[in-house]
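>>> coords below, sequence missing:
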């Protein structure tokens, strides 16, 4: 604020209104932003779930069966359905923005965004196939 | 001399975790969260799981994916709290809660995956 600013009784109110706590409901873009942000909770949950599975396997067959039974519990199942949605949302948005974060140059030319996206999706497909083979085939 | 910020390292780990979780988690959540519980597919036998989980490479990959995914989640959730709830004044407390939680779970992951060998 300048020192020369004349002070009057009719001081205008600050034009900085505090956004509503629910600002992220106002637009689709905001909603998808907050959905992506909230995926973090479900990723953390799934890491814990996976480690509990590993722990159950390390403790013996009966613990593994108990874990599988627990995974059929409606609350756990519901949580995992929601987790699947958020995790897929995270994966797709992550691969789509990858070209913006990864600037790869080949000589003097910048690799096109589509190629970087394709490479990411390719890595996803290969990893998925490998995990499926490890768990179901092999 | 100014103190080096931890932010670049955190963003790097955030990205690593973003890739690791995007690549590994969907298939695992669809299998262990949906396909096996709903009976679409029959879960692997105990012997199969035992051999898989006890393989050093599996444990190493699981540890790496777990740690970077946890840091990724902590970092992103930290900014969710900043932007979503506008509680920037609780900076330190949020950082402690998010990264502290990721650290504790990472130590548990390390302990678990190390001791089952």
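Arrived safely, thanks for sending. These numbers were taken from a predicted model, which means no experiment stands behind them.
>>> Could you use CA atoms for every contact and neighbour count after this?
Will do.
>>> Tell me how many other residues surround residue A:25.
A total of 13 residues lie near residue A:25 under the criterion other CA atoms under 10 Å in any protein chain shown.
>>> what sits against it?
Residue A:25 is in contact with residue A:31, counting by CA atoms under 8 Å, 6 or more residues apart in numbering or on different chains.
>>> Report pLDDT for it.
Confidence at residue A:25, expressed as pLDDT, is 84.
>>> And for the one 5 residues further on?
pLDDT for residue A:30: 87.
>>> Tell me how far the nearest residue in space to it that is not next to it in sequence lies from residue A:118.
Using CA to CA, 6 or more residues apart in numbering or on different chains and skipping the chain neighbours, the partner closest in space to residue A:30 is residue A:24 (4.8 Å). As judged by CA to CA, to the nearest Å, residue A:24 and residue A:118 stand 30 Å apart.
>>> who has more neighbours, the two?
Regarding residue A:24 and residue A:118, a neighbour count based on other CA under 10 Å identifies residue A:24 as having more, with 18 against 15.
>>> And the helix of greatest length in chain B, what does it pack against?
If you go by DSSP state H, chain B has its longest helix at helix B:56-85. With contacts taken as 3 or more CA pairs under 8 Å, 6 or more residues apart in numbering or on different chains; DSSP states H and E, helix B:56-85 sits against helix A:28-59, helix B:7-28, helix B:91-115.
>>> if we compare the ones you listed, which one ends up closest to residue B:80?
For residue B:80, the closest of these is helix A:28-59, at 5.9 Å, according to CA to CA.
>>> What residues of stretch B:55-75 count as buried?
B:59, B:62-75 (16 or more other CA atoms under 10 Å in any protein chain shown).
>>> Kindly provide the whole-number mean pLDDT of that stretch.
96.
>>> per-residue pLDDT, the nearest residue to residue A:124 once chain neighbours are set aside?
Nearest non-adjacent residue to residue A:124, counting by CA to CA, 6+ apart: residue B:23, 4.9 Å away. Predicted confidence (pLDDT) for residue B:23: 95.
>>> Please report how far residue B:23 lies from residue A:52.
20 Å.
>>> Please identify which of the two sits among more neighbours.
residue B:23 (27 against 16).
>>> My guess is the more buried one contacts residue A:122. True?
No - using CA atoms under 8 Å, residue B:23 is not in contact with residue A:122, being 9.8 Å away.
>>> who touches the residue nearest the centre of chain A in this structure?
With distances taken as CA atoms, centre = their mean, residue A:90 lies nearest the centre of chain A, 3.3 Å away. Residue A:90 sits next to A:36, A:39, B:22 when contact means CA under 8 Å, 6+ apart.
>>> number of nearby residues for residue A:80?
23.
>>> circling back to that earlier point, could you dump the helices and strands packed on helix B:56-85 into TSV and include distance to residue A:96?
Conversion of the helices and strands packed on helix B:56-85 to TSV gives the following (distance: least, CA to CA, whole Å):
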stretch	distance to residue A:96
helix A:28-59	13
helix B:7-28	11
helix B:91-115	26
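>>> do you know which of those helices lies nearest residue B:51?
With CA to CA as the measure, helix A:28-59 is the member of these nearest residue B:51 (9.7 Å).
>>> buried stuff in that closest one?
So for helix A:28-59, counting by 16+ other CA under 10 Å, buried means A:34-58.
>>> which ones among those come in contact with chain B?
Contacts with chain B are made by A:34, A:37-41, A:43-44, A:46-48, A:51, A:54-55, A:57-58 out of the buried residues of helix A:28-59, judged by CA under 8 Å from any CA of the partner chain.
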